[in-house]
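K.L.:
What shape does this take:
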Amino acid sequence: MSVISRSTLARAALGPLAAAALIAVLNSGAIPPYQAYSVGLAAVYTVLVLSVGLLAGWAGIWSIAHPAFFALGAYFAAYGSGHGWSVEAVVLGAVGCSAALGAFLGSAGARFSMLYVALLTLAFTMVSLEVMGQWTSVTGGDQGIPLTKLHSALGLGTLASAGTEAQYIAVGVAGIALAVAALARPGALRMRLVAAKSHPMAARSIGIAPEAQSALAFAVSAVFAALAGVLLALVVGFVSPEPFSLTLAISLIAACVLGGAGTLLGAVVGGAYLTWVPTAAESAGLPQPILQGVVLIAALLFLPGGVVPTAGRLARRLRRRPTRPTPTAVELTADAVEPVPAPAATAPELLRLDDVAVTFGGLKALEGASMSVRTGETVAIIGPNGAGKTTLLNALSGLVAEGRVAGGADYHGKPLLKTRATARRRLGIGRTFQHAETFPELTVLENVLCTRRRITAEHRAAATELLEGVGLAHVADRYPAELPFGLHKRLDLARALAEEPELLILDEPFGGLDATERTLLARQIVRQQERGTAVVIIDHVLDDLFAVAHRVVAFDFGRPIGEGEPGKILDDPRVRSSYLGEGSTRDDLPPRDGTERATVRLDGVGHSYSGVTALHDVDLTVPQGSVIGVVGANGAGKSTLGRILHGTLPPTLGRRTAADGLRSALVPEGRALFKTLSLRENLEVAAYAADIKGAELRARLAQTVEWLPPRLRERMGVPAAGLSGGEQQILAIARALMARPDLIIVDEPALGLSPAMVDEVYARLGRLAHEGLTVVLLEQSLGRAAAACHEVVVLHEGGIAVRGEPADPVFLDRAEQAYFDGQDDASAPVAQA
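P.N.:
Okay, here's the model as predicted:
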């Protein structure tokens with residue numbers, strides 16, 4: 001059964017207790033009647049602001065529809081009082097209609113961006129208020145409709161409007177509404193709403209449907225708004241269209257921002273603000289919109305989270321003492337692990353894929369994927385960047401988004417591909433993500449608990465035990481932003497392990513971890529093997545991957561190219577070639593005599609991202625006029641090194657020294673073109689960024705266009721999105737050339753290109769070297785780099801494993817070994833540049 005903690009009950013009781021105290025003060029006559037009316041009105045607005053604030057803070061939806069729900073509740077009360085309805089009928093009718101309309105808006109709005117949700121709710125309010133204004137037989141039109149009294153069908157008496165009794169009821173209901181919200185805050189409802197808001201894809205992987213959560217949140221929020229409307233009719237005693245305008249919608253959003261969206265005390269602050277801001281404006285001699293605008297601007301500039309969250313952060317900062325996390329038993333026993341023996345060949349198949357294909361428009365990201373996974377087996381998927389590995393995992397998880405999936409997949413002998421992503425979690429499939437997609441607004445414990453539709457004491461105990469097992473128990477009440485990257489990875493794994501999946505899908509779990517953390521992760525995987533869990537895992541840290549795998553399937557260009565045991569798979573020439581390249585004949589390069597001056601020099605360079613080491617102890621000199629290849633698997637640190645060479649990323653450690661007046665340009669991985677701009681406009685934007693204008697721009701543009709192949713020169717007015725991948729890569733290089741660089745750095749120039757386009761791109765890069773440019777190529781393929789570069793540097797886990805000249809066959813042998821395991825046979829001679 002679900003158990004509510006004492007602390008939650010205590011917090012929830014504060015609302016009713018405060019309401020009771022305020023009612024006692026009102027009843028004593030200590031507050032003048034005109035102020036007592038304002039107190040009742042503030043209670044009404046508190047409930048209304050609470051409805052908008054929780055929808056925004058918990059579900060991430062900013063609504064302009066709430067004046068319509070507010071009016072609906074008020075008109076229900078006024079109409080019902082004139083037609084003999086009971087107060088119970090009025091409340092049920094108002095909240096029932098509002099819940100239905102709210103669910104419709106939430107369901108429809110879930111398909112749109114925030115802007116379109118705002119437009120949808122705006123249109124709903126405009127239509128609703130117009131209908132209420134024109135439906136004079138029910139609403140009284142502009143003349144309004146009075147509310148006299150409402151009797152209770154349950155024999156609770158008769159409620160008179162516009163009196164002290166109505167004010168007491170408004171205060172009491174506001175206290176109860178705050179208590180209900182306080183009870184819901186630590187529950188599954190809020191956790192799942194926040195999860196769906198924070199990261200929809202990760203939410204789907206744990207069985208949360210963002211569309212359903214949006215509909216539920218909007219429905220509950222509309223109920224609170226309609227209830228506030230009923231209270232307004234009781235307190236005021238008259239209902240007319242004037243209070244329910246679009247101005248109210250804007251004022252509600254301002255009140256939420258001022259108090260703090262998603263906070264309970266913030267709703268009280270917002271309710272008081274809406275009630276007394278007209279009086280404050282009159283006292284200050286200012287129009288109300290001006291005062292509201294000034295207050296809102298000040299809040300956005302100086303209190304961006306709102307009054308209550310800002311005060312809370314300040315209080316926590318003063319109260320919290322810095323503590324050093326205590327290592328858990330898991331962290332103290334990070335010894336080497338041995339995988340559980342592979343299941344017998346007769347073990348039942350848990351998963352079977354038959355010719356699975358995934359296409360995005362005309363791009364085939366995956367095709368012909370056929371494989372099987374037995375119960376208790378760990379299957380590793382390897383391949384270079386762009387091989388289709390993550391696409392395969394997304395197809396298994398149902399997270400392909402706009403891609404088209406074909407082929408067959410059976411899970412437990414039943415079709416899998418037609419099953420919704422949210423249902424696959426219930427089938428027993430758990431999933432982690434490459435970048436540890438945690439929910440930042442939930443604590444570590446809540447990140448695990450949100451996998452449940454309802455939370456019981458047993459669920460909390462199981463989640464706590466799971467966190468203890470992965471070494472996160474000591475940070476259970478912390479938020480992900482307070483944790484280092486390694487703990488993020490553990491949290492992602494813990495969330496995937498909740499509810500004990502039969503199939504665990506791991507997307508690059510070893511990436512970014514240090515040696516101890518990788519050993520701890522391997523131990524967790526072995527524990528799952530001991531429990532009979534099947535594991536499908538992809539990673540580029542091959543030594544750690546092979547240490548836990550029973551079988552390896554290699555992919556390249558979206559197709560499986562080999563399968564075998566971890567110790568033998570790299571002996572397959574096709575698999576080895578997919579990583580290292582074909583080692584084709586070296587292109588002609590401009591000669592070097594060793595006297596070239598350095599364009600860029602790195603001394604002892606290291607770099608970290610939030611505690612994650614990307615580079616360490618890098619010493620590198622890039623001679624003028626050279627072509628340098630930086631080679632390594634995905635995650636080795638190539639892109640970070642490229643940005644440091646470019647000068648856009650200052651190193652955390654060490655020093656970067658560049659030649660005087662050096663102009664450098666970076667072509668990032670993925671090209672980063674402006675797809676809606678034409679080819680010419682892409683080049684012109686780069687020129688403007690380099691402060692090239694007028695005649696110089698025209699001359700530079702003509703020179704760069706001449707460098708392009710004829711088929712691109714003839715389409716300078718075509719949007720960049722209309723080019724093929726190879727043509728986009730050539731355009732990206734041309735855009736970099738607009739700044740007249742001395743050094744050009746190209747990150748993954750062959751990514752996603754056909755072999756013919758790869759040859760053309762490299763030929764054009766070689767031509768630049770002959771024209772005197774210094775070129776740095778960041779590549780995955782050792783063979784391509786060896787064919788196109790004077791010198792090759794092999795990165796492994798952020799450090800230089802080996803470097804040398806490709807013309808030396810001894811170096812190539814060492815480079816191959818270092819590429820995969822970072823080991824270098826130092827006894828072998830190698831030419832140094």
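
K.L.:
Where does pLDDT dip in the stretch 101-250 of the chain?
P.N.:
For the stretch 101-250 of the chain, no stretch has pLDDT under 70.

K.L.:
hey, where'd the helices end up in it?
P.N.:
114-134, 136-139, 164-184, 188-198, 200-205, 210-236, 246-259 (DSSP state H, counting those that start in this stretch).

K.L.:
so which of those is the most packed in?
P.N.:
Of all the helices of the stretch 101-250 of the chain, helix 210-236 has the most neighbours on average by mean count of other Cβ atoms under 10 Å, namely a mean of 26. Where C-beta positions appear, they are placed from N, C-alpha and C, glycine not excepted.

K.L.:
Not counting sequence-adjacent ones, nearest residue to Ala77?
P.N.:
Ala233 (3.7 Å; Cβ to Cβ, 6 or more residues apart in numbering).

K.L.:
these two touch, right, that neighbour and Gly73?
P.N.:
Yes - when contacts are counted by Cβ atoms under 8 Å, Ala233 is listed as touching Gly73 (7.5 Å).

K.L.:
residues touching the residue nearest to Ala77, list them.
P.N.:
Gly73, Ala74, Tyr75, Ala77, Ala78, Ser81, Leu147, Ser161, Val239 (Cβ atoms under 8 Å, 6 or more residues apart in numbering).

K.L.:
Give me the buried stretch members for the helix or strand containing the second one, please.
P.N.:
Using DSSP states H and E, Ala74 falls within helix 66-82. Taking 16 or more other Cβ atoms under 10 Å as the neighbour-count basis, helix 66-82 is seen to contain the buried residues 66-81.

K.L.:
what about Arg767, neighbour count?
P.N.:
Around Arg767 there are 12 other residues, counting by other Cβ atoms under 10 Å.

K.L.:
So which residues make contact with the helix or strand it falls within?
P.N.:
Using DSSP H and E, Arg767 falls within helix 755-770. Contacts to helix 755-770, defined as Cβ under 8 Å, 6+ apart, come from residues 587-590, 625-627, 707, 709, 724-726, 729-730, 733, 737, 744, 746, 749-750, 753, 775, 777, 784, 787-788.

K.L.:
before we move on, back to that, out of the helices of the stretch 101-250 of the chain, which is closest to Gly670?
P.N.:
Shortest distance between Gly670 and the helices of the stretch 101-250 of the chain, using Cβ to Cβ, is found for helix 200-205: 19.1 Å.

K.L.:
Which other helices and strands does the closest one contact?
P.N.:
helix 188-198, helix 210-236, helix 421-426 (3 or more Cβ pairs under 8 Å, 6 or more residues apart in numbering; DSSP states H and E).

K.L.:
May I see the ones you listed organised as CSV, with distance to Trp276 added?
P.N.:
As requested, these are exported to CSV (distance: least, Cβ to Cβ, whole Å):
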stretch, distance to Trp276
helix 188-198, 30
helix 210-236, 15
helix 421-426, 45
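
K.L.:
closest one to Ala36 among these?
P.N.:
Between the helices and strands packed on helix 200-205, helix 210-236 lies closest to Ala36; by Cβ to Cβ that is 10.3 Å.

K.L.:
List the buried residues in the one helix or strand Gln529 maps to.
P.N.:
Of the helices and strands defined by DSSP H and E, Gln529 is found in helix 515-530. Neighbour-count burial for helix 515-530 flags Glu517, Arg518, Thr519, Leu520, Leu521, Ala522, Arg523, Gln524, Ile525, Val526, Gln528, Gln529 (criterion: 16+ other Cβ under 10 Å).
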